[in-house]
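*Asks:* build the 3D model from these lines:
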Amino acid sequence: MIPLWPTMADRRINNSWRWSGIFHVSMWMRPWRISCRNQWLRDFINKDVMLFRIEKSRGSAVVEDTPGNNYQGTLISDFYSSYNVLPAKTKQKCLVHLLRDILEIRENNILSKPDILVCYHVKATLGAAMDAWRKFHAGEITRADLTSIRDMTAEQLTQLCSSTAENRKLQTIIKRMIKHHQELLTFLDNPDMEPTNNRAERGLRPSVIMRKITLGNRSPGSTKSCHHHEYCPDRHPQWQAVHLYLPFFSMIATY
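*Replies:* Sure thing, here's the model as predicted:
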């Protein structure tokens, strides 16, 4: 494997991940074509820098390699299984992904009345928790109030996870909540983190648009010569400069 951090800029990103308290990670689920072969785009982002990687594998090795095995911060991600192997100190799963899956179940399936009630209460419980987090940052409630809401929300979710669902997809959602029960309300214990992975999802958007326009790359060499650009501050005011390094397709964004 080619060293991940060949430049001083890359080493700066490396240090940022390893010493960062929080970072987000996401993967675009459609392939990035290079030489007519499928590869996969991920972004790793925190408040300071952004790193993009295109790799042949969708597995956990890329996730482990980027922040390093000694990472002791917080990982915010969706429920994709490759993120489970990273030994982060704490993790937060994206609640929007969970709510979106519940909405899809309600829209595309004929549910029994008990299943409808489970969907409703899960949505209401998680929505109330995110509202409390927003109120805390707005100064409307105190940290003690947030802790109390966290304990109440955890109790409600425990009761909901004990429900017996008839719909198989809803059963899968309940099993997911049970498996990741310690990673759903971390944002209430540490209000500095976010309850969603929207930061990483938004970070992928410019690259996804570029992929749609260019249809990928004909060769790895073309990525080295073509993929270097800066985003317009008017359209992307949070990004001052973006630089791409291949073959890892790492992108630095300075806020």
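*Asks:* which non-adjacent residue is nearest Leu51?
*Replies:* Nearest non-adjacent residue to Leu51, counting by C-beta to C-beta, 6 or more residues apart in numbering: Phe44, 4.4 Å away. In this view, the C-beta of every residue, glycine as well, is placed from N, C-alpha and C.
*Asks:* make that Phe187, sorry
*Replies:* Leaving aside its sequence neighbours, Phe187 sits nearest to Pro195 (C-beta to C-beta, 6+ apart; 4.3 Å).
*Asks:* contact partners for the one you found?
*Replies:* With contact taken as C-beta atoms under 8 Å, 6 or more residues apart in numbering, Pro195 is in contact with 92, 94-96, 129-130, 133, 187.
*Asks:* among those residues, name the ones in helices.
*Replies:* Judged by DSSP state H, the contacts of Pro195 include 95-96, 129-130, 133, 187 as members of helices.
*Asks:* most surrounded residue in the residues you listed?
*Replies:* Neighbour counts for the ones in helices among the contacts of Pro195 (other C-beta atoms under 10 Å) peak at Phe187, which has 26 neighbours.
*Asks:* ok, that one touching Arg150?
*Replies:* No: applying C-beta atoms under 8 Å as the test, Phe187 and Arg150 come out as separate, 9.1 Å apart.
*Asks:* what's the overlap in contacts for the two?
*Replies:* When contacts are counted by C-beta under 8 Å, 6+ apart, Phe187 and Arg150 have no shared neighbour.
*Asks:* give me the contacts around whichever helix or strand Ile149 is part of.
*Replies:* Ile149 is part of helix 143-161, with elements assigned from DSSP states H and E. Residues outside helix 143-161 that contact it (C-beta under 8 Å, 6+ apart) are 118, 121-122, 125-126, 128-129, 132-133, 136, 141, 174, 177-178, 181, 184-185, 188-189, 191.
*Asks:* dump the residue contacts of the nearest residue to Gly59 once chain neighbours are set aside.
*Replies:* Spatial nearest neighbour of Gly59, excluding adjacent residues (C-beta to C-beta, 6+ apart): Ser82 at 5.7 Å. Counting by C-beta under 8 Å, 6+ apart, Ser82 touches 27, 58-60, 62-63.
*Asks:* ok, His181 next?
*Replies:* 157-158, 161.
*Asks:* ok, now with 7 Å
*Replies:* Listed by C-beta atoms under 7 Å, 6 or more residues apart in numbering, the contact set of His181 is empty.
*Asks:* same check on Asp101?
*Replies:* Asp101 sits next to Ile173 when contact means C-beta under 7 Å, 6+ apart.
*Asks:* where do the strands sit along the stretch 151-255 of the chain?
*Replies:* Using DSSP state E, counting those that start in this stretch, the strands of the stretch 151-255 of the chain run over 242-245, 250-253.
*Asks:* kindly report the same for the stretch 1-150 of the chain.
*Replies:* Along the stretch 1-150 of the chain, counting by DSSP E, counting those that start in this stretch, strands occupy 22-27, 32-34, 37-45, 50-55, 74-77, 90-93.
*Asks:* so how far is the last one off the chain centroid?
*Replies:* When you say that, I think you mean strand 90-93. Offset of strand 90-93 from its chain centre (C-alpha atoms, centre = their mean, to the nearest Å): 10 Å.
*Asks:* now do the residue positioned nearest the centre of the chain, the pLDDT please.
*Replies:* Closest residue to the average C-alpha location of the chain: Ser77 at 3.0 Å, with C-alpha atoms, centre = their mean. Ser77 is assigned 90 on the pLDDT scale.
*Asks:* so it touches Arg199, yeah?
*Replies:* No: Ser77 is beyond contact range of Arg199, at 11.1 Å (criterion: C-beta atoms under 7 Å).
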